[in-house]
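Peer 1: quick one, what's the 3D model for this:
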Amino acid sequence: MVKIAVIGGGAAGMACAVMLARGGRQVEIYERGARLGRKLAATGNGQGNVTNVHLTKDAYFSDDAEKTGRIVGAFSWEDAVAFLESMGGVFLPDARGRVYPAGRQASAVTDLLRRELSRLNVTVHTDARVTRLTRRDCFVLGTQQGEGRADAVVLAAGGCAAPNFGTDGTAYALAQSFGHTVTQLSPVLVQLRTPPAEVRGLKGIRVDAGVRVVRGGKERYACRGDVLFTESGVSGDAVFRASSYVQAGDTIELDFLPDVSRARLEAAAGTGEDGLLCIVNNGLARQLFRRAGDRGALLVLVKRFPLTVTGTLGFAYAQATRGGIPLKETDDALQSKLCGGLYFAGEVLNVDGACGGYNLHWAWASAHTVAEALV
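Peer 2: Okay, the predicted model is just below:
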């Protein structure tokens, strides 16, 4: 029987192992941490946003958009829900198309996959970080617990984001030992930094705002949603979405009243420090008044509040990694073009998605592509 080793016990690794075991393959998972699925258990603000009904290749960034589109297209959001519900549970979309477990617990999604792996008798090695991967007659995996052997290997060890869950980027070296390259890596779906003076006095204020990313005077991206001011910049759902399109030096423009026209604002606003009562948050209003100097400038700031992006909070606070092993170094089944029998799935590849369940869907879809090839 073909024996397959899956390196990495995150979403992609667990899903691929389930699919392989269901296809009659002998599977072993090697996970560097003490438990499987720790990062998965924290996704979607702990609620488990597992996919999105608005799947499109345009929601992804990669070095091969066509291949990304084919892989995502071959495993729809309905397929992802069917796969998850085949293990139990109910998964439902919200008004924005984000799909969650009905119980809104990401940890339960992890438990669902763990239970299925146990039912399928998949061997799981925890505290088993793979530090060496070679190939002779078969693949040899070196861990602190000893050596393992397999006929094929699926590298699904994640990227650099959220290193507290064990995804610190060191697994790229396993692919590099076979000649693979790794593109430039950067954090995405992450809080943004701004000059401290631009957010002084605003820490803790949360608003529903329109967000525009502007570079060189041109709009690069726009969305609307939750924005939270921090001591070092801005966070919140809309900022995380925008972070995929931002680079240092860009300007973020916030519209604090996206449902209100300038004319309506002009008619409603008064003068002085209390001129924005019942229009915007009182704390925000005070800071806007202090910066504006006059009523005309104040009304401009309400609809167009600029922030200069100086960077991000880094991988420690990011949900995903931009960059990784180029898709162009793999075939259509995500098998290495440099080493037969070596496959890749999930965040270790140079694919990242927009905020809203797209990255987890890539985990399921890439796992499905690999499992189809190996089964």
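Peer 1: just the helices in this structure please.
Peer 2: Using DSSP state H, the helices of the chain run over 11-22, 65-73, 77-85, 106-119, 172-176, 196-199, 237-243, 262-268, 282-292, 295-303, 358-374.
Peer 1: nearest to residue 29, of these?
Peer 2: helix 11-22 (5.4 Å; CB to CB). Where you see a C-beta, it was placed from the backbone N, CA and C, and this is true even at glycine.
Peer 1: now find how far off-centre the closest one is within its chain.
Peer 2: From the chain centre to the centre of helix 11-22 is a distance of 19 Å (CA atoms, centre = their mean, to the nearest Å).
Peer 1: cool, and stretch 45-60?
Peer 2: With CA atoms, centre = their mean, you get 9 Å for stretch 45-60.
Peer 1: show me where the protein dips below the pLDDT cut-off.
Peer 2: 1 (pLDDT under 70).
Peer 1: which residue is nearest the centroid of it?
Peer 2: residue 320 (3.8 Å; CA atoms, centre = their mean).
Peer 1: can you pull the contacts of that residue?
Peer 2: 159, 161, 187-189, 347, 352-353, 359 (CB atoms under 8 Å, 6 or more residues apart in numbering).
Peer 1: can you pull the contacts of residue 274?
Peer 2: If you count contacts by CB under 8 Å, 6+ apart, residue 274 has them with residue 285.
Peer 1: then the one 10 residues further on?
Peer 2: For residue 284, the residues meeting the contact criterion (CB under 8 Å, 6+ apart) are 202, 205, 207, 256.
Peer 1: distance of the third one relative to residue 355?
Peer 2: What that stands for is residue 207. For residue 207, the distance to residue 355 (CB to CB, to the nearest Å) stands at 18 Å.
Peer 1: ok, the last one next?
Peer 2: Residue 256 sits at a distance of 21 Å from residue 355 (criterion: CB to CB).
Peer 1: and for residue 245, the neighbour number?
Peer 2: If you count neighbours by other CB atoms under 10 Å, residue 245 ends up with 16.
Peer 1: once you drop chain neighbours, what's closest to it?
Peer 2: residue 221 (3.8 Å; CB to CB, 6 or more residues apart in numbering).
Peer 1: surely that neighbour and residue 210 touch.
Peer 2: No. Using CB atoms under 8 Å as the test, residue 221 is too far from residue 210 to be in contact (11.6 Å).
Peer 1: could you find the closest non-adjacent residue to residue 208?
Peer 2: Closest residue to residue 208 apart from its sequence neighbours, by CB to CB, 6+ apart: residue 226 at 6.4 Å.
Peer 1: enumerate every residue touching that neighbour.
Peer 2: Residues near residue 226 by CB under 8 Å, 6+ apart: 206-208, 236-238.
Peer 1: hmm, try it at 7 Å
Peer 2: Residues near residue 226 by CB atoms under 7 Å, 6 or more residues apart in numbering: 206, 208, 236-238.
Peer 1: so what strands line up beside the longest strand along the chain?
Peer 2: When the chain is parsed with DSSP state E, its longest strand is strand 218-229. Counting by DSSP bridges, the strands paired with strand 218-229 are strand 206-215 (antiparallel), strand 233-235 (antiparallel).
Peer 1: in the shortest one, what's buried?
Peer 2: Meaning strand 233-235. Within strand 233-235, the residues scored as buried using 16 or more other CB atoms under 10 Å are 233-235.
Peer 1: now for residue 81, how many residues are close by?
Peer 2: Around residue 81 there are 20 other residues, counting by other CB under 10 Å.
Peer 1: what's the neighbour count on the closest residue to it other than its chain neighbours?
Peer 2: The spatially closest residue to residue 81, leaving aside those adjacent along the chain, is residue 91, at 4.8 Å (CB to CB, 6+ apart). Neighbour count for residue 91, taken as other CB under 10 Å: 20.
Peer 1: tell me what residue 91 is bridged to.
Peer 2: Beta-bridge partners, per DSSP bridges, of residue 91: residue 101.
Peer 1: break this protein down into its domains, please.
Peer 2: For the chain, automatic domain parsing gives the domain ranges 3-187+321-374, 192-312.
Peer 1: most packed of those?
Peer 2: Across those, averaging neighbours per residue (mean count of other CB atoms under 10 Å) puts domain 3-187+321-374 on top, at a mean of 20.
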